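Asks: The amino acid sequence is not available; the structure is as follows:
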């Protein structure tokens, strides 16, 4: 028996079901950022900057999560725009958060769940572009904001390590997305099961 | 074509059957998840090995360090080659071997973090893709266990490092949790989707069976 759904329908279902993963990934980032704002701000200015970065993300996620709960999930375009906003907000933290900035900021770690969640939901090509975009955004920010690190081989090594692992995280999402699609199709085409040793 | 009469099942039978079916699907999923997730774990391990080898050669600090790193990476590469070969021959490994190999991955990353300055070591970023790969292959309980172990080990190592910033450590641990949670959630959503597809498929086949069982109209 052959599958009756088109690739477009399947992609729409991926967005419909998968966006919960993006929503939860964003909640994790929001929680981490809130802890940061409340914990490490030492002046009123720092707290104001922190709140200004966190509140829009919270508002956006309430909106998207609320729609999902009402069974009116966000469409593909909105999710892509929100994904770009996520990457931009994390980059703003890397740029503006008091203390170490750019290459020396430790908050690049927020990129990982965002990249993974995006890759779980969207087709490989789009996820690849998003991962490359995020890596480029982070790399350019580091180079422009703290160019002095380029003189230190150990720091370049650190940056390469971060970027390789971010890319690997995106690749896991892309790879697994493909595997899951194949598994769903095998329900219609059981004779092609990869578990069959023959 | 022989015509068979499809009898309507008793009230109690479908409930029992659906429970048994659920149990069967659950078991198949666990095995399937692991079988389909294994290539992801192996691929991530190759990335880790190649990156670590590249970085070890790039920034050599001492001959003894390089020797140790080279031997450790070579052993890891040989093990991963064996796992890869089994997959290529379509002989997915037993779950205990996969779980043990994954535990060894965590152990190796932890040892490297420990010997490279704890909190200051940037090797901890290897935890994130590793945990992400486990989360899409392992049952949720096991993913939670592995994540808890990583959080405990890395949290302790980072906390005792001099000059460690608590907010940074909390952020790192939260993101490790986030990656594990997102992977497990995705796996759960996919289970639900596949169950839905299977249900639709079964209902469709039942309708076909019922239609073919109906007697053909008589033509005078």
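Replies: Cool, the structure landed. Everything numeric in this text was worked out from a predicted model, so none of it was measured. Numbering: from 1, shown residues only, chains lettered A, B, ... in the order given.
Asks: okay, which residue is most central for chain A?
Replies: residue A:114 (1.8 Å; CA atoms, centre = their mean).
Asks: what's the helix or strand for the nearest residue to that residue once chain neighbours are set aside?
Replies: The shortest distance from residue A:114 to any non-neighbouring residue, by CB to CB, 6 or more residues apart in numbering or on different chains, is to residue A:86 (4.8 Å). In short, each C-beta sits where N, CA and C put it, glycine included. Residue A:86 is located in helix A:76-96, with elements delineated by DSSP states H and E.
Asks: Same check on residue B:32?
Replies: Per DSSP H and E: helix B:12-58 holds residue B:32.
Asks: Tell me which other helices or strands the helix holding residue A:86 touches.
Replies: The contact analysis (3 or more CB pairs under 8 Å, 6 or more residues apart in numbering or on different chains; DSSP states H and E) places helix A:76-96 against helix A:7-40, helix A:44-69, helix A:111-121, helix A:124-145.
Asks: Now render these as TSV, adding distance to residue B:144 and mean pLDDT.
Replies: Below are those laid out as TSV (distance: least, CB to CB, whole Å; pLDDT from 0 to 100):
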stretch	distance to residue B:144	mean pLDDT
helix A:7-40	15	86
helix A:44-69	23	87
helix A:111-121	16	94
helix A:124-145	26	94
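Asks: between these, which one is nearest to residue B:80?
Replies: Nearest to residue B:80 among these is helix A:111-121; the distance by CB to CB comes to 21.8 Å.
Asks: any idea of the angle that closest one forms with helix A:7-40?
Replies: 160 degrees (axes from the mean of the first three to the mean of the last three CA atoms, to 10 degrees).
Asks: How far does helix A:111-121 sit from its chain's centre?
Replies: Helix A:111-121 sits 4 Å away from the centroid of its parent chain (CA atoms, centre = their mean, to the nearest Å).
Asks: For it, give me every contacting residue.
Replies: With contact meaning CB atoms under 8 Å, 6 or more residues apart in numbering or on different chains, helix A:111-121 is reached by A:14-15, A:18-19, A:21-22, A:24-26, A:28-29, A:79, A:83, A:86-87, A:90, A:127, A:130-131, A:134, A:138, A:165-166, A:169-174, A:176-177, B:128, B:132, B:175, B:178-179, B:182-183, B:186.
Asks: on that earlier part again, what separation do you get for the residue nearest to residue A:114 and residue A:80?
Replies: According to CB to CB, to the nearest Å, residue A:86 stands 11 Å off from residue A:80.
Asks: quick one: the helices in chain B?
Replies: Remark: helices assigned in chain B by DSSP state H are B:12-58, B:63-88, B:95-115, B:127-135, B:140-159, B:166-213.
Asks: who wins for proximity to residue A:185 among the ones you listed?
Replies: Set against residue A:185 and scored by CB to CB, the helices of chain B come closest in helix B:166-213, at 9.4 Å.
Asks: do that closest one and chain A meet at all?
Replies: Yes: residues of helix B:166-213 are located near chain A by CB under 8 Å from any CB of the partner chain, namely B:166-168, B:170-172, B:174-175, B:177-179, B:181-183, B:185-186, B:189-190, B:192-194, B:197-198, B:201.
Asks: buried subset of these?
Replies: Among the residues of helix B:166-213 next to chain A, those scoring as buried are B:167-168, B:170-172, B:174-175, B:177-179, B:181-183, B:185-186, B:189-190, B:193-194, B:197 (criterion: 16 or more other CB atoms under 10 Å in any protein chain shown).
Asks: The longest helix belonging to chain A: which residues count as buried?
Replies: Assignment by DSSP H gives helix A:153-188 as the longest helix of chain A. Using 16+ other CB under 10 Å as the test for burial, helix A:153-188 gives A:155, A:157-177, A:179-181, A:183-184, A:186-187.
Asks: Find the centremost residue of chain B, please.
Replies: Short answer for chain B (CA atoms, centre = their mean): residue B:137, at 1.8 Å.
Asks: May I have the phi/psi pair for that one?
Replies: With angles defined as degrees, to the nearest 10, residue B:137 sits at phi -110, psi -30.
Asks: Hmm, residue B:34 and it touching each other?
Replies: Yes: with contacts counted by CB atoms under 8 Å, residue B:137 reaches residue B:34, the gap being 5.6 Å.
Asks: Between the two, which contacts overlap?
Replies: By CB under 8 Å, 6+ apart, residue B:137 and residue B:34 have these common neighbours: residue B:98.
Asks: wait, isn't residue A:105 in contact with residue A:97?
Replies: Yes: taking CB under 8 Å as the definition, residue A:105 is a contact partner of residue A:97 at 6.3 Å.
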